[in-house]
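Enquirer: Predicted structure and sequence below. I'll ask about it afterward.
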Amino acid sequence: DIVDLAQFFSGLVLDRRDSFTDPKEGYYLASSAEMSGAFLHGTNTFLRTIHQFKLFHPLTPTTVFGTALEAGWVGNYKSSQPLALSELFYAGGGSSLRGFGYRLAGPLDPQGLPLGGQFKLVLNAVELRQKVWKSIHVSGFWDCGNVFKNIDLFDLENLRHTLGWGIRLTTPMGVLRVDQGFILKRHPGERPQRLY
């Protein structure tokens with residue numbers, strides 16, 4: 001089958017961080033909206049919105065507090081066709097819910113493969129970064145969130161939680177990091193931790 005993609009995309013970004021690669025202070029806001037198909041006559045027809053917020057605040061000259069939130073929704077637009085797997089949201093991995101495998105925090109099929117969902121909420125609730133020597137930092141974090149088949153199934157009690165720690169090395173090219181996350185209240189068959 002031939003897929004004809006016809007999309008309209010708009011976005012807004014406000015970046016007030018003191019550094020793009022190693023922020024210690026400031027905030028970042030991003031919001032986007034996307035329409036595919038509909039009057040654009042593409043094959044895939046859907047609406048999608050994604051919103052992100054990040055905040056960094058120095059607690060001491062060597063300690064930084066960080067938090068981040070990402071929420072997204074995607075749905076059909078005048079169509080009863082199921083959304084393609086590539087258009088759905090996923091969570092889990094080194095940049096979202098650390099402790100879970102890549103895309104393994106949301107709904108899974110009987111073989112353990114990610115199904116994705118139409119609503120995503122991921123909160124990197126707390127990350128404390130402490131400088132220990134020159135460009136080396138250690139961190140502790142708490143992540144929570146999940147992916148839901150649709151927004152009607154969203155429930156705070158179904159958020160997944162991970163705790164972990166990491167090491168950061170600041171270089172002229174950016175920050176190299178290693179994180180180890182541990183899943184709280186594991187489901188049957190889930191690995192207790194992951195290293196990224």
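Expert: Structure received. Numbering: from 1, shown residues only.
Enquirer: Point out where the chain drops to low pLDDT.
Expert: Scanning the chain for pLDDT under 70 picks out 1-7, 37-44, 78-80.
Enquirer: That one: strands as residue ranges?
Expert: For the chain, the strands defined by DSSP state E occupy 7-15, 26-36, 46-60, 63-76, 119-133, 136-148, 160-171, 174-184, 193-195.
Enquirer: which residue sits closest to the one residue sitting closest to the centre of the chain in space, ignoring its chain neighbours?
Expert: Centroid-nearest residue in the chain, with C-alpha atoms, centre = their mean: Ser96, separated by 3.9 Å. The shortest distance from Ser96 to any residue other than its chain neighbours is 4.9 Å, reached at Val122 (C-beta to C-beta, 6 or more residues apart in numbering). Backbone N, C-alpha and C define where each C-beta goes, glycine included.
Enquirer: Phe8 now?
Expert: Excluding the flanking residues, the one nearest Phe8 by C-beta to C-beta, 6+ apart is Met35, at 4.7 Å.
Enquirer: now that neighbour: how far from Phe100?
Expert: For Met35, the distance to Phe100 (C-beta to C-beta, to the nearest Å) stands at 31 Å.
Enquirer: likewise Lys131?
Expert: Here the distance between Lys131 and Phe100 works out to 28 Å (C-beta to C-beta).
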